[in-house]
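[1] All I have is the shape, not the residue letters:
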């Protein structure tokens, strides 16, 4: 899953004589090396094209000697290992959990979480891949299910819901697994996690759609239908992100990669993708029950007031 990250050569300066360490530091100042963390370097060319979450995985690799069992990677650091989507920036420190601790602690490189759950017997899901720990560069990594519940209990909904939705969309977990894991969590963060789990949906086709659903909740809009299909016999079928039947409004989310990501373009040019999307929107507008089509960009999703204004103009009630 992380072949590119694991292939980046890391140079550790700790075992070098002081003169060599000083020479390496001068090369850092000249831009020949980049410090992943103090004492661990990489060449800039090897980092080109890495996503922020990939950089975080490099930080974990560079710091692996500082993390020893029973301490394990957890929360957003574990989310990066599991390949979950990040809406916000990855953490600047490595999230780990030490079950021997009751309180959390922060060091220069680590955010150490204490035990947040009661002792529990093995569940019916015990031993399945979603509930089993992983190994990342010799480090124990919290299971996918536990990671999602930990993240849901500790970060804003706009960051946790895209991760849960993505895991459901890819059929990596069952909702019942999350409910079971959350039921054994201590009081701290349990209610917050419950909100994310209750909202979770396997119908969200992208992190942008998940963020949009969070904004709908914040703005108090009516519950829309996800992935509604408009079909006319003998013609095409168009599936829209959100359909508000009472208002007759379609809401489409244009995520950041829709017209740029090669995987999403499928060999098409950006111009071709725009043209096909226009044809698709014209088809949707041809249905008499559709009064309006609202398009939301990533910039809109980061500003709820912009969404409120667009929805109100289309006739959707907001709080």
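    All right, it came through fine. Predicted, not measured: the structure shown is a model, and the values here were computed from it.
[2] Quick check: which element contains residue 243?
    strand 237-244 (DSSP states H and E).
[3] For that strand, name the packing helices and strands.
    With contacts taken as 3 or more C-beta pairs under 8 Å, 6 or more residues apart in numbering; DSSP states H and E, strand 237-244 sits against helix 207-219, strand 225-231, strand 249-254, helix 270-285. Every C-beta, even on glycine, is put in place using the N, C-alpha and C of the backbone.
[4] Give me the distance from it to the chain's centre.
    23 Å (C-alpha atoms, centre = their mean, to the nearest Å).
[5] picking that back up, need the helices and strands packed on strand 237-244 in JSON lines (columns: distance to residue 5 and mean neighbour count).
    As requested, those are exported to JSON lines (distance: least, C-beta to C-beta, whole Å; neighbours: other C-beta atoms under 10 Å):
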{"stretch": "helix 207-219", "distance to residue 5": "20", "mean neighbour count": "22"}
{"stretch": "strand 225-231", "distance to residue 5": "33", "mean neighbour count": "15"}
{"stretch": "strand 249-254", "distance to residue 5": "29", "mean neighbour count": "22"}
{"stretch": "helix 270-285", "distance to residue 5": "28", "mean neighbour count": "13"}
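[6] could these go into a markdown table alongside mean pLDDT and distance to residue 181?
    Converted to a markdown table, those look like this (pLDDT from 0 to 100; distance: least, C-beta to C-beta, whole Å):
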| stretch | mean pLDDT | distance to residue 181 |
| --- | --- | --- |
| helix 207-219 | 97 | 20 |
| strand 225-231 | 97 | 25 |
| strand 249-254 | 96 | 29 |
| helix 270-285 | 85 | 39 |
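[7] Out of these, flag the one nearest residue 25.
    Relative to residue 25, the nearest member of the helices and strands packed on strand 237-244 by C-beta to C-beta is helix 207-219, separated by 38.8 Å.
[8] Show me what that closest one is packed against.
    Using 3+ C-beta pairs under 8 Å, 6+ apart, helix 207-219 sits against helix 157-169, helix 190-199, strand 237-244, strand 249-254, helix 298-301, helix 304-314.
[9] try 6 Å
    Helices and strands touching helix 207-219, by 3 or more C-beta pairs under 6 Å, 6 or more residues apart in numbering; DSSP states H and E, are helix 157-169, strand 249-254, helix 304-314.
[10] So what touches the longest one?
    Meaning helix 157-169. With C-beta atoms under 6 Å, 6 or more residues apart in numbering as the contact definition, helix 157-169 has outside contacts at 79, 84-85, 87-88, 148, 151-152, 173, 196, 199-202, 204, 207, 210-211, 214.
[11] Any chance of a ChimeraX selection covering the buried ones in the residues you listed?
    Burial among the contacts of helix 157-169 is assessed by 16 or more other C-beta atoms under 10 Å; the matching ChimeraX selection reads:
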select :79,84,85,87,148,151,152,173,196,199,200,201,202,204,207,210,211,214
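[12] tell me the centre residue of this protein?
    residue 85 (2.6 Å; C-alpha atoms, centre = their mean).
[13] Compute the distance between residue 253 and residue 293, please.
    Using C-beta to C-beta, to the nearest Å, residue 253 is found at 12 Å from residue 293.
[14] for this protein, where's the lowest mean pLDDT among helices and strands?
    helix 262-265 (a mean of 60; mean pLDDT, DSSP states H and E).
[15] about what we covered before: right, and the helices and strands packed on helix 207-219 - which one's nearest residue 49?
    That would be helix 157-169 among these, by C-beta to C-beta, at 21.5 Å.
[16] Now do the closest one and helix 304-314, the angle between them.
    On the basis of axes from the mean of the first three to the mean of the last three C-alpha atoms, to 10 degrees, helix 157-169 is oriented at 70 degrees to helix 304-314.
[17] which is the next helix or strand following helix 157-169?
    helix 175-183.
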